[in-house]
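Peer 1: Test case, fold it:
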Amino acid sequence: MLYHKNMKVLLYFENYNAIRKSGIGRALKHQKRACEMSGIEYTLNPKDSFDIAHINTYGLKSYHILRKCQKKGIPVIVHGHSTIEDFRDSFRCWKFLAIFYNWRLRKMYSHADYIVTPTPYSKSLIENYGYGKKVYAVSNGIDLKGYAFHPEYKEKYYHHFNIKDGEKTVIGLGLPFKRKGLADFFEVARRMPDVKFIWFSHLSPILQSHFIRKAIKHRPSNAIMAGYVEDYQVVQGAFQNANAFFFPSYEENEGIVTLEALASKCPCVIRDIGVYKDWLHDGIDCYKGNNNDEFVEILTKVINHKDEKIVEEGYKVVSERDINKVGTEIKDVYTEVLKDYANRKK
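Peer 2: Next up, the predicted model:
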């Protein structure tokens, strides 16, 4: 197949309804938007004609499409949303599930023609698996315009959680995994009883680990499990009006929720982990801690004094991941993939 400018891309997400509430689910919206902003034609239907397959999931159907495309001479990009490292401490019986999950992950990555992943950190992890594939680091991106301040969102947020004027709130968001630091979120809330802590997102109890079910059951009275809120304006109201976003996750490949908080100009308190090393800086554009003692100290300071300079610096950082720039980057990747793939076939 020869390279041409009017490319068409398959964006494939297997069983989208099952994952739409996760970060990978939101990634589809971002990829569609990036393509639209860059003038790239795309399809979600693998039965359509297309020039590149961009596969985002790792199930049996995803692998079948990968092999089918390769037989037709269509280059396949597998998106590295997940790594072996970030599956740890997730679902119930994760150690058992990891045997199958890691096998699926390795199968997809090893058979891909190319891999795209959100950060240099996750790029280095995947490269170290030793498959010899070309790996590109391209942010999931964020539509900054979608996080512009709206006063009515505050009203929705306050009404939904019965928040009184002057009441301090701290929010977190992510599937209720041990890896996400949910138990630490509760412990910090326990030590700050005058602050309302709210954690967004939901996972069926049958999929939750015993550790997490126990942590949720015994959480302090000032910690609210909000579940999955269908009205996203309530969530946006939380990002825009909470005193802090607290995300003590132990492992991420980018952290879309961190981008959302930065875009909403909400002070970010995060764990000092590898994924943030190269682009977020403690005391400059965010606040980083290593343990609950530090988190309590940081949050006490942040909720009583919002440092506008740090918030504005955080917004500058996330602006570099605006969907317009990401669209240009992913278009460059698609263009390079088509050229490289055509040269391989000569």
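
Peer 1: CA atoms for contacts and neighbours, from now on please.
Peer 2: Fine.

Peer 1: other SSEs contacting the helix or strand residue 336 falls within?
Peer 2: In this structure, residue 336 sits in helix 323-344 according to DSSP states H and E. Counting contacts by 3 or more CA pairs under 8 Å, 6 or more residues apart in numbering; DSSP states H and E, helix 323-344 packs against helix 23-38.

Peer 1: Outside of the helix it packs on itself, list whatever touches it.
Peer 2: 11, 13, 16, 19-20, 41-42, 56, 81, 140-143, 256, 323-324, 326-328, 330-331 (CA atoms under 8 Å, 6 or more residues apart in numbering).

Peer 1: Narrow those residues to those that are buried.
Peer 2: 11, 13, 42, 56, 81, 140-143, 256, 323-324, 326-328, 330-331 (16 or more other CA atoms under 10 Å).

Peer 1: any idea how far residue 118 is from the most centrally placed residue in the chain?
Peer 2: With distances taken as CA atoms, centre = their mean, the residue of the chain nearest its centroid is residue 256 (3.2 Å). Look at residue 256 and residue 118: by CA to CA, to the nearest Å, they are 10 Å apart.

Peer 1: Overlap in contacts, these two.
Peer 2: Counting by CA under 8 Å, 6+ apart, the residues touching both residue 256 and residue 118 are residue 140.

Peer 1: so which helix or strand takes in residue 136?
Peer 2: Judged by DSSP H and E, residue 136 forms part of strand 134-137.

Peer 1: Only C-alpha atoms, please: export that strand in CSV.
Peer 2: The C-alpha coordinates for strand 134-137 follow below in CSV (Å, rounded to 0.1, in the frame of the first residue of the first chain):
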residue,chain,number,x,y,z
LYS,A,134,8.8,1.3,17.3
VAL,A,135,7.1,3.0,20.3
TYR,A,136,5.7,6.5,20.1
ALA,A,137,4.9,8.6,23.2
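
Peer 1: and it, which residues are buried?
Peer 2: Neighbour count says strand 134-137 has 135, 136, 137 buried, by 16+ other CA under 10 Å.

Peer 1: average model confidence for that strand?
Peer 2: Per-residue pLDDT over strand 134-137 has a mean of 96.

Peer 1: Give me the helices and strands touching that strand, please.
Peer 2: Secondary structure elements in contact with strand 134-137, counted by 3+ CA pairs under 8 Å, 6+ apart, are strand 114-117, helix 120-127.

Peer 1: again, only using 10 Å
Peer 2: If contacts are counted by 3 or more CA pairs under 10 Å, 6 or more residues apart in numbering; DSSP states H and E, strand 134-137 sits against strand 76-79, strand 114-117, helix 120-127, helix 323-344.

Peer 1: Point out the other helices and strands that the first one packs with.
Peer 2: Meaning strand 76-79. strand 8-12, strand 52-55, helix 60-71, helix 94-111, strand 114-117, strand 134-137, helix 323-344.

Peer 1: In the sheet, which strands lie alongside that strand, parallel or antiparallel?
Peer 2: With DSSP bridges as the test, strand 76-79 is paired with strand 52-55 (parallel), strand 114-117 (parallel).

Peer 1: any chance you could map the strands in the stretch 101-250 of the chain?
Peer 2: 114-117, 134-137, 169-173, 196-200, 223-227, 244-247 (DSSP state E, counting those that start in this stretch).

Peer 1: can you redo those as TSV with distance to residue 64?
Peer 2: Below are the strands of the stretch 101-250 of the chain laid out as TSV (distance: least, CA to CA, whole Å):
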stretch	distance to residue 64
strand 114-117	17
strand 134-137	21
strand 169-173	33
strand 196-200	34
strand 223-227	34
strand 244-247	36
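
Peer 1: Out of the ones you listed, which one sits most buried?
Peer 2: Looking across the strands of the stretch 101-250 of the chain with neighbours counted as mean count of other CA atoms under 10 Å, the highest average goes to strand 244-247: a mean of 27.

Peer 1: right, and the helix or strand after it?
Peer 2: Heading C-terminal from strand 244-247 (DSSP H and E), you reach helix 256-263.

Peer 1: now the angle between helix 23-38 and that following helix, please.
Peer 2: 60 degrees (axes from the mean of the first three to the mean of the last three CA atoms, to 10 degrees).

Peer 1: I'd like to know which elements the next helix or strand after helix 256-263 is packed against.
Peer 2: Next along the chain after helix 256-263, taking DSSP H and E as the criterion, comes strand 268-271. Secondary-structure packing of strand 268-271 (3+ CA pairs under 10 Å, 6+ apart): strand 169-173, strand 244-247, helix 256-263, strand 287-289, helix 292-304, helix 308-319.

Peer 1: how about a cut-off of 8 Å?
Peer 2: strand 244-247, helix 256-263, strand 287-289, helix 292-304.
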